[in-house]
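**Q** Quick one, fold the following:
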Amino acid sequence: EVLARRGLVRQLWMEVQRGLKRRIALSSPNNHAGGIECNHPNPQRLLDVVDRENGNHDDERHANVYFQLRKGLKLMCYISDSPCGDAAIYQTSSSLSSSDNLTFTGAKVIISEKTGVTMDQCIDDNQDGSKDAAQLRLSTSNPAVVVARECTQICGALRLKSGRSNIPDHLRSTSHSCSDKFCRWAILGLQGSLLSRWIPDPIVFHSIVVSADPRCDDAATIDTNGNNDNPQRLALHRAIIERTGATIDFLRNHIQQSVTVTDRIRRAALEWIDCIDRHNREALSVDIVAHQFSQGKTFVESSSITSSPLQHEKEDKEGEDREAKRRKVEKKGTSKKKFSAAGVSLNWQPLHATDEISRGDGGGNCIEVTVGASGRKQGKKPKSLQDFERCSSRLCRKKILDIAISCIALHPNVLDEKQDDSSSSEQYSNMSYAKFKERHVVRHVQLIRDAALFSGGPLTGWVTGTSSDFAISCAVAN
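**A** Numbers count the residues shown, from 1 in each chain. Okay, here's the model as predicted:
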């Protein structure tokens, strides 16, 4: 889910970059067409260019041309398994699941005053009266963050990405679960805070589609009987749509009562909130489809659960040792395949004739293969700084940041009024990625972000990683 969204963000940045270049070409003295360029009839494009005069954006530092999602275009996200975190907690068939019939997400719940989850909810009472707190973990990258596997699943709680329990604390991920990220994207838009300067309206999913969990009773009849009562869909609705709606209600009250913001920023923030509220209530849907990915996690797990008892019974009747039989079957080449998580990932990006492909952002290939453990492109291991630059994925933040800096250089009047109009890379040489975002973020989007993640509501207590920040030391190509 995260890589798919990152690919979308990169594609949006590339289209903004192309649009700004075309605008500069059309406004040059040698061009006699005049005005904003008509949108190119490319069926693959995601954005339309819109004249600033037809818009309504309350940030005086916004560009005088902006973009919006192409009319009639709807974004849908398909996932073969339920997103980790809150959406992965639902009832399954009693014959195929654990004693309480509730699936357990691997994502770790966050224990803090802001999230409202306490340690007592994650401590198991043993038969001898003692309490087991061995599952608690402390993230040393942020000492205030404690995560754990709760004994009884807590619905609606914020969680960090799943990982092995024996991972050292300083290596544990501070990335949130996909269920939490879907809520965040529904509030702040898929484009991110930097792109909101050129795309002032939130870009959100129209539909989130997940393959049916075969461990649910009605998985096989979901297309004919509907899925409104399907527990897997109800979990998706609870984790994404209901939490998003509750966050919107909190944001509206919080921003209306805030006395530390200007009327212009408050008005822009409330317009953004009204837009996402209308979409969340009327347009956004979560759906379950009967199609199942044969190598998906839930499908493989359910197959092993249903086949094991029959296989063991047959082996007992034949009186053969199970290990000996397994070796015998493997020798004949008829053993059942065992699936494990892929070590690589693929991302696809459409190429445009004017795209710059000489800076190691995928070359001329539409498909890029990255190694999951490192995030680098598949191939020769890097040995020097130049190798690391060349081997980094086009979806990494560094490569996307290069495009963002290029867009700012192409359109210097979007820079903060306190800085000069120079678009050279020297002004960013001593700046970190976090500082860059803080400098160029749209103010009302920043207000909404801070209020949603840190001031209250279902998403408060959001964990932000500090170790992932980096210095900007790249040259910017105009």
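
**Q** which strands and helices sit next to the helix or strand containing Asn253?
**A** Per DSSP states H and E: Asn253 is located in helix 243-257. The contact analysis (3 or more Cβ pairs under 8 Å, 6 or more residues apart in numbering; DSSP states H and E) places helix 243-257 against helix 178-188, helix 263-282, helix 443-450. All C-beta atoms are positioned from the backbone trio N, CA, C, and that covers glycine.

**Q** residues of the shortest one that come out buried?
**A** Applying a neighbour-count criterion of 16 or more other Cβ atoms under 10 Å, the buried positions in helix 443-450 are 443-449.

**Q** hang on, the earlier thing: neighbouring contacts of the helix holding Asn253?
**A** Helix 243-257 is contacted by residues 86, 156, 183, 186-187, 261, 266, 269-270, 273, 276-277, 280-281, 284, 447-448, 451-452, 455-459 when judged by Cβ atoms under 8 Å, 6 or more residues apart in numbering.

**Q** Which among those residues count as buried?
**A** 86, 156, 183, 186-187, 266, 269-270, 273, 276-277, 280, 284, 447-448, 451-452, 455-459.

**Q** Do a quick rundown of the strands in this protein.
**A** Under the criterion DSSP state E, strands of the chain are mapped to 47-51, 65-69, 76-79, 108-111, 124-125, 131-132, 137-138, 146-148, 159-160, 207-211, 285-289, 344-348, 367-371.

**Q** which residues in the stretch 351-478 of the chain form helices?
**A** Ranges of helices in the stretch 351-478 of the chain, per DSSP state H, counting those that start in this stretch, are 385-391, 397-410, 433-440, 443-450.

**Q** Determine which of those helices approaches Ile241 most closely.
**A** helix 443-450 (18.3 Å; Cβ to Cβ).

**Q** what's the least confident helix or strand in the chain, going by average pLDDT?
**A** helix 222-225 (a mean of 48; mean pLDDT, DSSP states H and E).

**Q** quick revisit: closest one of the buried residues of helix 443-450 to Phe436?
**A** For the buried residues of helix 443-450, the nearest to Phe436 is Gln446 (13.4 Å; Cβ to Cβ).

**Q** OK, contacts around the closest one?
**A** Ser193.

**Q** Next: Arg397.
**A** Taking Cβ under 8 Å, 6+ apart as the test, what Arg397 contacts is 433, 470.

**Q** Tell me the confidence at it?
**A** Looking at Arg397, its pLDDT is 89.

**Q** and what of the one 5 residues further on?
**A** Asp402 is assigned a predicted lDDT (pLDDT) of 90.

**Q** Just say which of the strands of the chain is most tucked in.
**A** Neighbour counts (mean count of other Cβ atoms under 10 Å) averaged over each of the strands of the chain peak at strand 159-160, with a mean of 26.

**Q** For the closest residue to Asn280 other than its chain neighbours, grab the count of nearby residues.
**A** Leaving aside its sequence neighbours, Asn280 sits nearest to Thr244 (Cβ to Cβ, 6 or more residues apart in numbering; 5.2 Å). In terms of burial, Thr244 registers 26 neighbours under the definition other Cβ atoms under 10 Å.
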